[in-house]
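# this one's structure only:
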């Protein structure tokens, strides 16, 4: 595969996250630290879920067959639950940190762990789909990674808001949508349904997060027409 | 030949243990060193920031400033946090750069992952038939290596106590010469071989000569701070690559663990060599001697706008012409992270606030061992990036925690234990537990 595939997929998957980082986080050292802390929390949650999965696998003696697939499904569900648990732990521990930063930390780490090995393989020789798999494997993975990263960002915002207002149904909704997106990936060879519904969920979560974070239709209009005085003033001040 | 050379460097390597240190300790030193001006001597520059701070503290205006009632304590706390975060980032960036250089080299240049013999400090081979024998050999290798390091450190402390400065200077200059010229030449050769680029000897000579000469000047004498920092990072990366190449597998991991324990002991125990070194330097009111410390200090002194004939209104050059001497001491020196203090924002009655940025200092040995850990993870990870990234994040978080402890305790602290512990835990758990999980998920194209 070519360098074009490598760079294209890398930027598709990580471009928006990088942009978010550059524009909102890179300027403030405290936020960078919180970002890395978020990544660390996600990593620990992954470690815990791997430990459980491994234990269960050892208990069932590594038999091959459908049981492995069920174990994997169990592993995925458990992992999602543990991730949300760690998001709650992050909120409890670092109460004053920004929800965007924590969501981005989780998202970046999650995306990187899912996609980096695939990316590095795309630089090497090979032909995609030679055994009848989809030749769009890299593109699909890149888009899926992108949607996961953005979803983590929006989930983070909504989740923290729910924690602050003590509205537990919000936390439940986040958990359920996360489970939904993850279980949809079980349909993996049929990318169409998988990706489209993930993107729809992302857009909905994005709109929810926007309103939770204090946006409104009016402010959106002002921003798009470059008439937002607060934003312009802020930009000038920060120069 | 290479082994001999490498072992030569080893001697230098085994100099000092790493530690972080706060600036509180040097405050007892004299502030007779005048305001910047003369770059004479290594003595002034390194602690320039403290001097300014001394002056500052004597300034009644400043005291008045900080004593102003009604200043919201939340604001001060926030400022402290913000400046603390700034210093953490000032260390994150060089550590990250060093690790990036090492990982990029390991992944692309095959020379550094090929086994071509071992150092004389790790004489026992790991090519043994049984696991027990291999473990025993690696423990023995570690014992030998650590005892060499201990002996060297004690030798250094003794030299320092009896004021044999010239010997120490000469030693350090020799080791930095070797690093900057020989190891760079080898590195360049291997990189050119990997990318199949032809280079003639005259060009090579010119390039290496310029690189090495400017490096010696920057590190041992004067130079722009950024260039000095860059050279220190490059040197640490080169040394880490040597370790990654010549330390056998299991020995490397055991050595990493043992070094963090030694670091802890040497810096915190009352009779630890590093602690004695620090205390001796304090008694003599000198900068702790020429060793490799990476300093992120930006030394600014903005003149106070008040009727004081001696104060200058102009902004001083943020040069730190001194990282001085020493170019390479891998275990570095106790690094002196100077504790930051919250700068006071402009007080209504004052025109211009004097603001110093005091940097944090980290020993080069810390850089080297962090990079060794991440480089080993990259080298042995079966082409797997997840392990490398996990170790990287673990080390950064460890560094962050260490700096937090530094802010709390305000004295020299070892920088290795927490980071290396996290790094080791994450390396072994990611390699053995997380990797199979992620690989299985990836093969079924599942996303969590």
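Done, it's in. Model, not experiment: these values are computed from the prediction.

# point out where the stretch 201-350 of chain B drops to low pLDDT.
Applying pLDDT under 70 to the stretch 201-350 of chain B picks out residues B:287-292, B:298-350.

# all strands for it, in order.
Assigned strands in the stretch 201-350 of chain B, in chain order: B:293-295 (criterion: DSSP state E, counting those that start in this stretch).

# can you tell me the element residue A:67 falls in?
helix A:66-93 (DSSP states H and E).

# in the helix or strand residue B:395 falls within, what's buried?
Here residue B:395, judged by DSSP H and E, is contained in helix B:385-409. Buried positions in helix B:385-409, judged by neighbour count with 16 or more other C-beta atoms under 10 Å in any protein chain shown: B:385-400, B:402-403, B:406-407. C-beta: built from backbone N, CA, C; applies to glycine.

# let me know the outermost residue of chain A.
For chain A, the largest distance from the centre (C-alpha atoms, centre = their mean) belongs to residue A:61, which lies 32.6 Å off.

# which helix or which strand is home to that one?
Per DSSP H and E, there is no helix or strand for residue A:61.

# related to what we said a few turns ago, anything in the helix holding residue A:67 near chain B?
Yes. Using C-beta under 8 Å from any C-beta of the partner chain, we find that helix A:66-93 touches chain B at A:69, A:72, A:75, A:76, A:79, A:80, A:83.

# helices and strands around the helix or strand just after that helix, which ones?
On the C-terminal side of helix A:66-93, the closest following helix or strand by DSSP H and E is helix A:99-122. For helix A:99-122, the packing partners by 3 or more C-beta pairs under 8 Å, 6 or more residues apart in numbering or on different chains; DSSP states H and E come out as helix A:3-20, helix A:29-59, helix A:66-93, helix A:137-164, helix B:385-409, helix B:435-443.

# ok, 10 Å please
helix A:3-20, helix A:29-59, helix A:66-93, helix A:137-164, helix A:191-212, helix B:385-409, helix B:435-443 (3 or more C-beta pairs under 10 Å, 6 or more residues apart in numbering or on different chains; DSSP states H and E).

# buried ones in it?
Using 16+ other C-beta under 10 Å as the test for burial, helix A:99-122 gives A:99-119, A:122.

# stretch B:180-189 now?
Quick answer for stretch B:180-189 (16+ other C-beta under 10 Å): B:180, B:181, B:182, B:183, B:184, B:185, B:186, B:187.

# and that stretch, end to end?
Start-to-end span of stretch B:180-189 (C-alpha to C-alpha, to the nearest Å) is 14 Å.

# what does stretch A:206-223 give?
Start-to-end, stretch A:206-223 (C-alpha to C-alpha) is 17 Å.

# from the middle of its chain, how far away would it be?
21 Å (C-alpha atoms, centre = their mean, to the nearest Å).

# what sits up against that stretch?
Residues from elsewhere that reach stretch A:206-223 (C-beta atoms under 10 Å, 6 or more residues apart in numbering or on different chains): A:99-100, A:103, A:150-151, A:153-162, A:165, A:170, A:173-174, A:177, A:227-232.

# need the pLDDT of the nearest residue to residue A:48 once chain neighbours are set aside.
Nearest in space to residue A:48, with sequence neighbours left out and distances taken as C-beta to C-beta, 6 or more residues apart in numbering or on different chains, is residue A:82 at 5.4 Å. Looking at residue A:82, its pLDDT stands at 95.

# separation between residue A:82 and residue A:47?
Distance check for residue A:82 against residue A:47: by C-beta to C-beta, to the nearest Å, it reads 9 Å.

# what subset of the contacts of stretch A:206-223 is buried?
A:99-100, A:103, A:150-151, A:153-162, A:170, A:173-174, A:177, A:228.

# scan chain B for its longest helix.
Secondary structure assigned by DSSP state H gives helix B:73-108 as the longest helix of chain B.

# what's the closest of the helices and strands packed on helix A:99-122 to residue B:258?
helix B:385-409 (17.0 Å; C-beta to C-beta).

# and that closest one, what does it pack onto?
Using 3+ C-beta pairs under 10 Å, 6+ apart, helix B:385-409 sits against helix A:29-59, helix A:99-122, helix B:73-108, strand B:361-363, helix B:364-380, helix B:416-429, helix B:435-443.

# same thing but at 6 Å, please
If you count contacts as 3 or more C-beta pairs under 6 Å, 6 or more residues apart in numbering or on different chains; DSSP states H and E, helix B:385-409 packs onto helix A:29-59, helix A:99-122, helix B:73-108, helix B:364-380, helix B:416-429.

# give me the contact list for it.
Under the criterion C-beta atoms under 6 Å, 6 or more residues apart in numbering or on different chains, residues A:36, A:39-40, A:43, A:113, A:116-117, B:20, B:22, B:84, B:88, B:337, B:370, B:373-374, B:377-378, B:381, B:413, B:415, B:418-419, B:422-423, B:426-427, B:430-431, B:438 lie in contact with helix B:385-409.

# how many residues are close by the one residue in the stretch 151-300 of chain B that gets nearest to chain A?
Proximity of the stretch 151-300 of chain B to chain A (C-beta to the nearest C-beta) peaks at residue B:296, 12.1 Å away. Residue B:296 is flanked by 22 other residues according to other C-beta atoms under 10 Å in any protein chain shown.

# ok, it touching residue B:361?
No. The pair residue B:296 / residue B:361 is not scored as a contact, 7.2 Å apart, by C-beta atoms under 6 Å.

# kindly report the residues of chain A close to chain B.
A:29-30, A:32-33, A:36, A:39-40, A:43, A:46-47, A:50-51, A:53-54, A:76, A:79, A:113-114, A:116-117, A:144, A:148, A:182, A:185, A:188 (C-beta under 6 Å from any C-beta of the partner chain).

# could you flag which of those are buried?
The buried subset of the residues of chain A next to chain B - by 16+ other C-beta under 10 Å - is A:29-30, A:32-33, A:36, A:39-40, A:43, A:46-47, A:50, A:53-54, A:76, A:79, A:113-114, A:116-117, A:144, A:148, A:182, A:185, A:188.

# if we can go back for a sec, now the residues of helix A:66-93 next to chain B as a markdown table including distance to residue A:89?
Shown next, in a markdown table, are those (distance: C-beta to C-beta, whole Å):
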| residue | distance to residue A:89 |
| --- | --- |
| A:69 | 30 |
| A:72 | 25 |
| A:75 | 20 |
| A:76 | 20 |
| A:79 | 15 |
| A:80 | 15 |
| A:83 | 10 |
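
# for ChimeraX, write the select line for the buried members of those residues.
Per 16+ other C-beta under 10 Å, the buried members of those correspond to this ChimeraX selection:
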select /A:72,75,76,79,80,83
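
# name the nearest residue to residue A:105, sequence neighbours excluded.
Leaving aside its sequence neighbours, residue A:105 sits nearest to residue A:38 (C-beta to C-beta, 6+ apart; 2.1 Å).

# check residue B:211 too.
Closest to residue B:211 by C-beta to C-beta, 6+ apart is residue B:184, at 6.1 Å.

# ok, back up a step: name the helices or strands packed onto the helix holding residue A:67?
So helix A:66-93, by 3+ C-beta pairs under 6 Å, 6+ apart, packs with helix A:29-59, helix A:137-164, helix A:168-184.

# now those helices in TSV, with mean pLDDT?
Below are the helices and strands packed on helix A:66-93 laid out as TSV (pLDDT from 0 to 100):
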stretch	mean pLDDT
helix A:29-59	93
helix A:137-164	92
helix A:168-184	92
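
# export these to a markdown table and append columns for distance to residue B:265.
Below are the helices and strands packed on helix A:66-93 laid out as a markdown table (distance: least, C-beta to C-beta, whole Å):
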| stretch | distance to residue B:265 |
| --- | --- |
| helix A:29-59 | 27 |
| helix A:137-164 | 41 |
| helix A:168-184 | 46 |
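
# out of these, flag the one nearest residue B:166.
That would be helix A:29-59 among the helices and strands packed on helix A:66-93, by C-beta to C-beta, at 41.3 Å.
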